[in-house]
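> Any chance you can model this:
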Amino acid sequence: MKRRLSIVLIPVLCLISMIAYQKWNTPEIEINDMPAEIIASDSNASTMEKDILILPEGERIQERFVPPGSYKRTVIPDDSFESYLRELPLKPHGSFVHYYDGTIKRRSNVYDAVVDMDIGERDLQQCADAIMRLRAEYLYGQGRYDEILFHLTNGFPVDYQKWRNGYRIALDGNRTYWVKKTNASDSYQDFRKYLNLVFAYAGTLSLSKELEPITLSEMQIGDVFIQGGSPGHAVIVVDMAEHNETGRRIFLLAQSYMPAQEIQILKNPMDEEISPWYTADFEGPLQTPEWTFYSRDLKRFPN
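Numbers count the residues shown, from 1 in each chain. Predicted coordinates for the structure are as follows:
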């Protein structure tokens, strides 16, 4: 009887030992190793995975930033100011914004990308200056020299056409006037010298007077939220998208700031779910990382 019992128990004990060995020697499964669908079902997740809104490998605004959900980019004309802004080149993903003196702006809660455009070595290209730079660069690249014109803070109009014909600004007390100083030139180097003059004597106060007020429903790429003052601030709409079904629109903003610094694509501190996109039907203040605007601050360059 004992012999028969031993014969039966030996296989059973071996089986128990094997099970125990496998249990004790099997590594614990980390949740990160589990398929996403298993994690979702186990946690009874009630929300969908967040849309991927930033593609690190993208080299331009339209390649780096993806509209969320059912939003599609608005249709814009080729070779337009809107197209120029949407196609602005970006520095590699994760790049820091640099100030004019080469130091770094480490406020990662402000921006998601840096525009790949030099800003010179002087404290000139600040907020409104960066917007004038973008507008002027577009027109210069199109050969539309006669449309490049900005006003100084004292109201004096400084048109690039006059500058490229060799005239320079002269100041005599409160009087500002043109003087023929050099030969005509439309070189890019002289164009940048023209812009430096504009940056030195113009700003949000003068630019806000040049731009035309528009409503949120009229918003398009290239429009500007601006508060003229000393200091004031301005940001520019560099891309837009529209919902396929509702028609609701969203937009991206870019800025420079003080002191002079590289142009940056702003985060949306009001809505992290769609950041860096902003909704165009906002009510109340438009809170950007470093300034608060209102719908009444939206303006457009005149045609």
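
> Just the strands from the stretch 151-300 of the chain, written as ranges.
157-159, 167-172, 175-180, 212-213, 224-227, 233-243, 249-255, 264-266, 278-279, 286-288, 291-293, 298-300 (DSSP state E, counting those that start in this stretch).

> Dump those strands into a markdown table; add mean neighbour count and mean pLDDT as well.
Yep, even glycine has a C-beta here, placed from its N, CA and C like the rest. Listed next are these as a markdown table, based on neighbours: other C-beta atoms under 10 Å; pLDDT from 0 to 100:
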| stretch | mean neighbour count | mean pLDDT |
| --- | --- | --- |
| strand 157-159 | 17 | 98 |
| strand 167-172 | 13 | 95 |
| strand 175-180 | 12 | 97 |
| strand 212-213 | 10 | 98 |
| strand 224-227 | 22 | 99 |
| strand 233-243 | 23 | 99 |
| strand 249-255 | 23 | 99 |
| strand 264-266 | 24 | 99 |
| strand 278-279 | 20 | 98 |
| strand 286-288 | 19 | 98 |
| strand 291-293 | 17 | 98 |
| strand 298-300 | 19 | 99 |
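
> Could you dump the ones you listed into TSV and include distance to Glu59?
Putting these into TSV (distance: least, C-beta to C-beta, whole Å) gives the following:
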stretch	distance to Glu59
strand 157-159	34
strand 167-172	38
strand 175-180	41
strand 212-213	33
strand 224-227	25
strand 233-243	15
strand 249-255	16
strand 264-266	13
strand 278-279	23
strand 286-288	25
strand 291-293	28
strand 298-300	28
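
> what about the ones you listed, which gets the closest to Lys72?
Of all the strands of the stretch 151-300 of the chain, strand 233-243 sits nearest to Lys72, with 6.0 Å by C-beta to C-beta.

> and that closest one, how far out from the chain's middle?
8 Å (C-alpha atoms, centre = their mean, to the nearest Å).

> Among the strands of the stretch 151-300 of the chain, which comes closest to Arg60?
Across the strands of the stretch 151-300 of the chain, closest to Arg60 is strand 233-243 (C-beta to C-beta), at 10.1 Å.

> Bridge partners for the one residue sitting closest to the centre of the chain, pull those for me.
In the chain, the residue lying closest to the centroid (C-alpha atoms, centre = their mean) is Ile265, at 1.8 Å. In this entry, Ile265 is beta-bridged to Ala113, Ala254, by DSSP bridges.

> closest one to Thr74 among the strands of the stretch 151-300 of the chain?
Per C-beta to C-beta, nearest to Thr74 of the strands of the stretch 151-300 of the chain: strand 233-243, 4.7 Å.

> Give me the sheet partners of the closest one and which way each runs.
strand 71-73 (antiparallel), strand 224-227 (antiparallel), strand 249-255 (antiparallel).

> ok so, going back, who wins for proximity to Arg73 among the strands of the stretch 151-300 of the chain?
strand 233-243 (4.9 Å).

> helix or strand right after the worst-scoring helix or strand of the chain on mean pLDDT?
Using mean pLDDT, DSSP states H and E, the weakest-scoring helix or strand in the chain turns out to be helix 36-43, at a mean of 30. Moving toward the C-terminus from helix 36-43, the next helix or strand (DSSP states H and E) is helix 61-64.

> helices or strands up against that following helix?
helix 81-86, strand 233-243 (3 or more C-beta pairs under 8 Å, 6 or more residues apart in numbering; DSSP states H and E).

> Make a markdown table from these and add distance to Asp172 to it.
What follows is the helices and strands packed on helix 61-64, written out as a markdown table (distance: least, C-beta to C-beta, whole Å):
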| stretch | distance to Asp172 |
| --- | --- |
| helix 81-86 | 36 |
| strand 233-243 | 31 |
